[in-house]
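>>> Predicted model, plus sequence, below.
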Amino acid sequence: MVEFKQYELPKSGEPISLTNGKLNVPNNPIVPFIEGDGTGPDIWAASQRVLDAAVEKAYNGERKIAWYEVYAGEKAFNKFNEWLPEDTLTAIKEYLIAIKGPLTTPIGGGIRSLNVALRQELDLYSCVRPVRYFQGVPSPVRRPELVDMVIFRENTEDIYAGIEYKAFSDEVKKVIEFLQNEMGVNKIRFPESSGIGIKPVSEEGSKRLIRAAIEYAIQHNRKSVTLVHKGNIMKFTEGAFKNWGYELAEQEYGDKTFTWGQYDRIKAEQGTEAADKAQEEAQAQGKIIVKDAIADIALQQVLTRPTDFDVIATLNLNGDYLSDALAAQVGGIGIAPGANINYVTGHAIFEATHGTAPKYAGLDVVNPGSVILSGVLMLEHMGWNEAADLIYKGLEKSISDKTVTYDFARLMDGATKVKCSEFGDLIIKNMG
Ligand SMILES: NC(=O)C1=CN([C@@H]2O[C@H](COP(=O)(O)OP(=O)(O)OC[C@H]3O[C@@H](n4cnc5c(N)ncnc54)[C@H](OP(=O)(O)O)[C@@H]3O)[C@@H](O)[C@H]2O)C=CC1
Ligand SMILES: O=C(O)CCC(=O)C(=O)O
Ligand SMILES: [Mg+2]
């Protein structure tokens, strides 16, 4: 039986569990939620109503989520004088699947990100962010319907490990002296006034993320996995990520994938025509093409040739940038959902791509779509597809009726602007 230091036990519901890699979801699963800072409370209130209504309607009351509030961020600090109480981690470890609103991270000092801490503490190594278009959503590109990508962002390593030393500190002096004296580094341009950040990228971390991306591509009949990296400059971190990706695909998924590493080897031995032919044959056999793109050009090509991209596997920082940039193509950060998942332990936290949007806090105006769609991903993950489909239906109808929150309304002709809470209510009404 789980024991909490400060929290009361859930009043109702049963835990979700994992046996032999399969989730067991009772009809009344306990799902911990974190409301979030800034716009979080507005968004969460609307999202919870929508999720409950969809489940009630889909299963005639036979299923119901037993929501269990856990705390992080400002609400946790006000209540318990801690930013991330241990009980929150205990609850998510125990109940496996959770959902959260955004949490504030101060810039240039103060506490490190609680969002990142949750991912690292629970080892949620895959940040999965699907980017798809809903008909009628305003977009800055001509053919937004061509965008259908799923980003797999490595979620535990890279510069997010927080190994950073402040300029002028005793620590940074030690690190710089070590680099200069022990490692022969002579290219720190201004050693007296530099801060230093360290970027760990491992074979295990890269391969488990890329494995998750390839598994996803296989299960969802996707055509390609693109490894996005900056390996020309960061050879032993980002470049290694690419090499480990090809190695993994060839060693573990040789019968299901064809890599550009293989393409290059055939080309070197037999010429371009033979390599093209081998790739065409692999495609005809339904094999997934595992390829790569350097991050800077990838950011252009996702805009100019979106159909070249399907599943994307990338490192933490690249994935952070790509997520927001890609969301813009299909209506913006207001409807960009995500999930942080450990596919081995089954732990998962569903959360929006966006942050706390502090200037709108408490105004009940922002789009709750990202958290609602994160909830839809959660329902799908639980196998509650009927409830998920009702939310898609309600959302699509609300958009086609042009009754939308400010972010869409300002880009749509003839739209009626509604509040965050009203948008949630419309989705419920439009579920039919
Ligand atoms: N996972 C998490 O919890 C995340 C937390 N953060 C944190 O959030 C805080 C604020 O970060 P910031 O960089 O301003 O980024 P935000 O994503 O919070 O907001 C940036 C802009 O995006 C738009 N936006 C955000 N959310 C919505 C929404 N629900 N509906 C419609 N538009 C939306 C608004 O645009 P406009 O001004 O055009 O209306 C907003 O001003 C920081 O502390 C940051 O660290 C950031 C990202 C993720
Ligand atoms: O933790 C934060 O404050 C930012 C996180 C973020 O940008 C993201 O998850 O995409
Ligand atoms: Mg981000």
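Structure's in. What do you need? Ligands and ions are numbered 1, 2, ... in the order given.
>>> Below-threshold pLDDT in the stretch 201-350 of the chain: ranges please.
For the stretch 201-350 of the chain, no stretch is flagged by pLDDT under 70.
>>> Let me know the pLDDT of D425.
Looking at D425, its pLDDT is 98.
>>> give me phi/psi at it?
Per-residue torsions, D425: phi -60, psi -40 (degrees, to the nearest 10).
>>> how close does the nearest residue to it once chain neighbours are set aside sit to ligand 1?
Counting by CB to CB, 6 or more residues apart in numbering, D425 lies nearest to R49, which is 7.4 Å off, once chain neighbours are set aside. All C-beta spots, glycine's among them, are computed from the backbone N, C-alpha and C. As judged by CB to the nearest ligand atom, to the nearest Å, R49 and ligand 1 stand 16 Å apart.
>>> Surely R49 is in contact with G424?
Yes. Between R49 and G424 there is a contact under CB atoms under 8 Å: 5.4 Å.
>>> who has more neighbours, the two?
For R49 versus G424, the count of surrounding residues by other CB atoms under 10 Å is larger for G424: 28 against 17.
>>> Apart from its chain neighbours, what residue comes closest to the closest residue to ligand 1 within the stretch 201-350 of the chain?
Closest residue of the stretch 201-350 of the chain to ligand 1, CB to the nearest ligand atom: G334 (3.3 Å). Nearest non-adjacent residue to G334, counting by CB to CB, 6+ apart: N367, 3.1 Å away.
>>> Would it be right to say that the one you found lies in a helix?
No. Assignment of N367 by DSSP: H, G, I helix; E, B strand; the rest coil gives coil, placing it outside any helix.
>>> ok, now which ones touch it?
The contact partners of N367, taken as CB atoms under 8 Å, 6 or more residues apart in numbering, are G332, G334, I335, V404, T405, Y406, D407, F408, C420, F423.
>>> Give the buried residues for the lengthiest helix in the chain.
Determined from DSSP state H, the single longest helix within the chain is helix 40-59. Buried residues in helix 40-59, counted by 16 or more other CB atoms under 10 Å: 40-58.
>>> Also stretch 79-90?
Across stretch 79-90, burial judged by 16+ other CB under 10 Å covers F80, W83, L84, P85, D87, T88, L89, T90.
>>> Assign a three-state SS to the fifth one, would you?
Which is D87. Using three-state DSSP, the structure places D87 in helix.
>>> can you map out the strands along the stretch 51-200 of the chain?
For the stretch 51-200 of the chain, applying DSSP state E, counting those that start in this stretch gives strands covering 66-69, 97-100, 126-132, 148-154, 163-165, 196-198.
>>> Show me how far the last one is from its chain's centre.
Yep, that's strand 196-198 we're talking about. 24 Å (CA atoms, centre = their mean, to the nearest Å).
>>> For that strand, give me every contacting residue.
Here strand 196-198 has contacts from I159, A161, I163, E164, Y165, V172, V175, I176, L179, using CB under 8 Å, 6+ apart.
>>> ok, and for that strand, which residues are buried?
Residues of strand 196-198 classed as buried by neighbour count (16+ other CB under 10 Å): I196.
>>> got it, and the first one?
Counting neighbours by 16+ other CB under 10 Å, one finds that the buried residues in strand 66-69 are A66, W67, Y68.
>>> Quick one: list the elements packing against the helix or strand containing L390.
Using DSSP states H and E, L390 sits in helix 385-400. Here helix 385-400 touches helix 40-59, helix 369-382, helix 420-429, going by 3 or more CB pairs under 8 Å, 6 or more residues apart in numbering; DSSP states H and E.
>>> Between those helices, which one is closest to ligand 2.
Among the helices and strands packed on helix 385-400, helix 369-382 comes nearest to ligand 2, with 11.1 Å by CB to the nearest ligand atom.
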